[in-house]
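Q: Provided below for reference: sequence and predicted model.
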Amino acid sequence: MHDLTGVSRRKFIATATLVAGFATALGVLGQPALAADWPDGPITIVVPFDAGGSADRMARTLADPLSKALGQPVVVENRPGGAGGLGATYVSRGEPDGNTLLLMQATPYLANAILMGGAPVQWDDFRLLNAQWNDYGIVAVHKDSPYQTFAELTEAMKEPGTVSSGIIYANGGHLQTLVIMDALDIPHENVRFVTYNGGSPLRAALAGNQVDFEVLAAEGASSVMDSLRVLAVVNGSDPDDLGAPLMNDALAEMGAEPQPIIGGNVTGLMIPAAFAEEHPDRYETLVMAYRQVVESPEYAEAAQASGLGYDWVGPEDSQAMIDEAFEALSTYADVLE
């Protein structure tokens, strides 16, 4: 949903220092109980995008502390292309031995690479170990917009051609907008969609009052938040106290049913599904190590310095979250092709 740019040199150095300190602390704390024969060599985290983005930064903040926790080197390898599809395909075709992991936005990027990008992989080929960062969505307008509430905005959307929305075609924000419109029986053609090629121009358009509204990732929009008014939070909670109603609460007030939440980025370590099935002891070792890292105060500090989330949700709840989003995304794949 958004493409955060690389951190500045100063921020990168500060983050690297924090991660190095954390790795030392983790070594002192000790390792989790490991599978007897694993890991027996380096572990690679494949990031299917260029260096500098949010997935790459997350992988690099995890690499050193995971190495300490697992007792083997952990390296990051960038394999960009196909909107994430090339790197995901590479991981899916490797041996499911736990030595090659994937880190990307499970939704919407992996889902879209499968549904609309033609990636030769299946959704069930992967499992998400942890929704470490759910960069939830917001429905936002310019601060000078005449629309003061979510209800006012959606009422205006019922008049064809009245409202415009900035989108990145087929990304989470675009699809969440269609979900909202369908929930309220608003024809898709009523809204004038303006397409942008990346997160920066998308956010700039709304901050410049060039379009009426957008569904954006909250963290990605932080740089322009002073220019915006948030009308709804596309999430199950309002973790940053933005003061706007939750999307489904607002929809309920208008008599609509609860809708799936797909407007944000859910990012974390992923594995080939066969790894958990064929090597359950290794799988448990990896999950324990990952949890130990993410829940430590040292990692929280390093993640914050790099502008990342550091939640521990766990494999079962994380997979359920993205499965629901994938099902909703699947509904719109044919519409957007």
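A: Received, thanks.

Q: list the contacts of residue 311.
A: 130-134, 294 (C-beta atoms under 8 Å, 6 or more residues apart in numbering). For the C-beta atoms, the positions are set from N, CA and C on the backbone; glycine is no exception.

Q: ok, now with 10 Å
A: 130-134, 239, 268, 294-295, 300, 303, 318 (C-beta atoms under 10 Å, 6 or more residues apart in numbering).

Q: for residue 180, same thing?
A: Applying C-beta under 10 Å, 6+ apart, the residues near residue 180 are 139, 150, 153-154, 157, 186, 215, 232, 234, 247, 250-251, 256, 259, 263.

Q: closest one of the contacts of residue 311 to residue 38?
A: Checking the contacts of residue 311 against residue 38 by C-beta to C-beta gives residue 130 as the nearest, at 19.3 Å.

Q: quick one, strands of the protein?
A: Here the chain has its strands, by DSSP state E, at 43-47, 74-78, 100-107, 126-128, 133-135, 137-142, 164-167, 192-195, 214-217, 228-234, 265-272.

Q: what average pLDDT does the first one get?
A: What that stands for is strand 43-47. Regarding strand 43-47, the rounded mean pLDDT is 98.

Q: and what of the fifth one?
A: Taken as a whole, strand 133-135 has a mean pLDDT of 89.

Q: how about the last one?
A: Throughout strand 265-272, pLDDT has a mean value of 95.

Q: within its sheet, name the partner strands of that strand and how each one runs.
A: If you go by DSSP bridges, strand 265-272 pairs up with strand 100-107 (antiparallel), strand 126-128 (antiparallel), strand 133-135 (antiparallel).

Q: just name the most buried of those strands.
A: strand 100-107 (a mean of 27; mean count of other C-beta atoms under 10 Å).

Q: which one of the contacts of residue 180 sits in the busiest neighbourhood?
A: residue 263 (32 neighbours; other C-beta atoms under 10 Å).

Q: surely that one is in contact with residue 167?
A: No: using C-beta atoms under 10 Å, residue 263 is not in contact with residue 167; the gap is 11.2 Å.

Q: now do the shared contacts for the two.
A: Listed as contacting both residue 263 and residue 167 by C-beta under 10 Å, 6+ apart are 173-177, 215.

Q: now do the same contact list for residue 211.
A: 141-142, 163-167, 191-194, 196, 202, 205.

Q: now list the buried members of those residues.
A: 141-142, 163, 165-167, 191, 196, 202, 205 (16 or more other C-beta atoms under 10 Å).
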